[in-house]
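Enquirer: Using only what follows, build the 3D model:
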Amino acid sequence: AKQWDDLVVEWRNDSQPSKAAFESCVAAIEFVFPRFRPLVWARSVISGWSVVHQTRHTVPLGLGAACLIAAILSPDHPRLGLGIVLQRLLGLRPSELLNIQSRDVSLPEHVPGSLEVCTVGLGIRTGTKAKRAQAVILRDVVGIGFMRWLVHETPHDDVLIPYTYERYRRLLMRTERGLGFELGWTPHSPHSVFASELTAARVAYSELRERGRWVADSSLRTYVDLVSSANIAVTLRLSGLTSAIAYAQAHFLHFFPGARLFCTEALRGGVEGFAQGAGRQDASALGSGLEAEACGLPLAIEEAVEDSGRFSAVGPDSPCAKVGTDRKSTRLNS
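Expert: Presented below is the predicted three-dimensional model:
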C-alpha cells in the first residue's frame, strides 16, 4: 500500500493531471486493492488540493443568445441550431441531446387522444445516472413543431442531431469568436443556464429538480448561477447585439423554413408557448414579428451589426453578413 501511495503522488507531481483525473486514479487503485484503502498520503493531497482548487463552472448560454447562434448556424447546420434551442428548452445534457433517435420521440399524433405534449426518451440504449431510461416532456407548440420536423426528416433508427460532441464544441466556439468575444461557451452551456433562467422565472426548486432530472438539491444548486447569467447579458448588450438577439427571437421561424411548415399552431397565435416553455414571462418579443416577411439580411440584425462594429454592412439584397474580425464569414440567410 505504501508503494502505491508513493507512486500515485509521484505521478501527480510529474505529470500534473487534473484534480478529477487524480481522484479517479486514487479511487481506481483502492477499488482494485480494497486492503490498501485508504491511501493516506494520496487522500491528504486531495484534501489539500480541494482547499486551493478553483472549480471552473460552465458558462451559461441563455435563450436569447441560443436563438441568435441558431440563426447564424441555420444555413449550414440547421439541425444543430435547433438542437441548441431544444437543449435549452428541455434542459438536456449534450450527451442526451446527441443520442436522441427518431424512434425515441413520441409526438402528440402518435398517441391518439393524448394531450398536446411531446415525450422524448433519454438513455434508452446507453442508460442514465438514474440507472434507468428517463424522459422529458415538451409542451410548447413551437418546440413540438421543431421536433416534428426533425422526426419527419430523420430515418427511424438515426439520431436527430448527427453531430459529435467535439464538432458541436468547435462550431459553437467558431460562432462565438465570429461574434467578437470569447465567453467560453461549451456544449454544456445550454444545460447549465436551464436552472438559472427558470429560477429567475420563479419556478419552484422541486419542479425544477424534476424537470432537470437532478438527484438532489445540492446538485441543482451548483448550476444556479444568476450572477454569471446577468454578467453575460450585460456583455451582449455592450457588444451591440441586443437588437440582433431580439430579431432572432421574434423571427426565429424565418430562419428555419422547413420547420416552419410544422409549426402551424404557433403561426395561429400559439407562439406564447415557446416563451412560457422557456421560463420567460413575456411572449410579445417572440410573437410580434412572426408574420413579417424577411427579405435578404434582416434589418434589425444589420443595424445591430453596424452598431457593434464587428460586422460589415451589406446591401438589402445580400443574403449573408460577414461576422467577426478574423474574416471568417457566417451566412445569415432568412
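Enquirer: Do I have it right that Tyr168 meets Ser95?
Expert: No: in this structure, Tyr168 is not within contact of Ser95 by CB atoms under 8 Å, at 10.6 Å. Yep, even glycine has a C-beta here, placed from its N, CA and C like the rest.
Enquirer: Which one's more surrounded, those two?
Expert: Tyr168 (21 against 15; other CB atoms under 10 Å).
Enquirer: from memory Glu176 sits against Arg170, does it?
Expert: No: Glu176 is beyond contact range of Arg170, at 10.7 Å (criterion: CB under 8 Å).
Enquirer: Counting neighbours around each, name which of those two comes out higher.
Expert: Legend: neighbour count by other CB under 10 Å for Glu176 and Arg170, higher for Glu176 (21 against 12).
Enquirer: Tell me how far that one lies from Leu61.
Expert: According to CB to CB, to the nearest Å, Glu176 and Leu61 sit 9 Å apart.
Enquirer: Give me the common contacts of these two.
Expert: Both Glu176 and Leu61 are contacted by Ile69, Trp185, under the criterion CB atoms under 8 Å, 6 or more residues apart in numbering.
Enquirer: Against Val9, how distant is the most centrally placed residue in the chain?
Expert: Note on the chain: the residue nearest the mean C-alpha position is Pro190, at 2.5 Å, using CA atoms, centre = their mean. Remark: distance between Pro190 and Val9 (CB to CB) = 39 Å.
Enquirer: what residue ranges in the stretch 201-334 of the chain are flagged as low confidence?
Expert: Counting by pLDDT under 70, the stretch 201-334 of the chain shows low-confidence ranges at 264-334.
Enquirer: Can you name the residues in contact with the helix or strand in which Glu197 is found?
Expert: In the assignment (DSSP states H and E), Glu197 maps to helix 189-200. The contact list for helix 189-200 (CB under 8 Å, 6+ apart) reads 57-63, 66, 84, 87-88, 91-94, 172, 205, 208, 211-212, 220, 223-226, 228-229, 278-280.
Enquirer: Now with 6 Å, please.
Expert: Residues outside helix 189-200 that contact it (CB atoms under 6 Å, 6 or more residues apart in numbering) are 58-62, 66, 84, 87-88, 91, 93, 208, 212, 223-226, 229, 279.
Enquirer: One more: stretch 93-110?
Expert: 83, 87, 114, 116, 118-122, 124, 147-148, 151, 154, 156, 159-161, 165, 187-188, 191.
Enquirer: Tabulate the CA atom coordinates of that stretch in PDB.
Expert: Written as PDB, here are the backbone C-alpha positions of stretch 93-110 (Å, rounded to 0.1, in the frame of the first residue of the first chain):
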ATOM      1  CA  ARG A  93     -27.100  17.400 -21.300                       C
ATOM      2  CA  PRO A  94     -25.100  17.400 -24.600                       C
ATOM      3  CA  SER A  95     -24.800  13.600 -24.500                       C
ATOM      4  CA  GLU A  96     -28.500  13.200 -24.100                       C
ATOM      5  CA  LEU A  97     -29.200  15.600 -27.000                       C
ATOM      6  CA  LEU A  98     -26.800  14.000 -29.400                       C
ATOM      7  CA  ASN A  99     -28.100  10.500 -28.700                       C
ATOM      8  CA  ILE A 100     -31.800  11.100 -29.300                       C
ATOM      9  CA  GLN A 101     -33.000   8.900 -32.200                       C
ATOM     10  CA  SER A 102     -36.200   9.400 -34.200                       C
ATOM     11  CA  ARG A 103     -37.800   6.400 -32.600                       C
ATOM     12  CA  ASP A 104     -37.200   7.900 -29.100                       C
ATOM     13  CA  VAL A 105     -39.700  10.800 -29.700                       C
ATOM     14  CA  SER A 106     -43.400  10.400 -29.100                       C
ATOM     15  CA  LEU A 107     -45.300  13.200 -30.800                       C
ATOM     16  CA  PRO A 108     -48.900  14.100 -29.900                       C
ATOM     17  CA  GLU A 109     -50.300  12.400 -33.000                       C
ATOM     18  CA  HIS A 110     -48.500   9.100 -32.100                       C
END
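Enquirer: Done for today, thanks.
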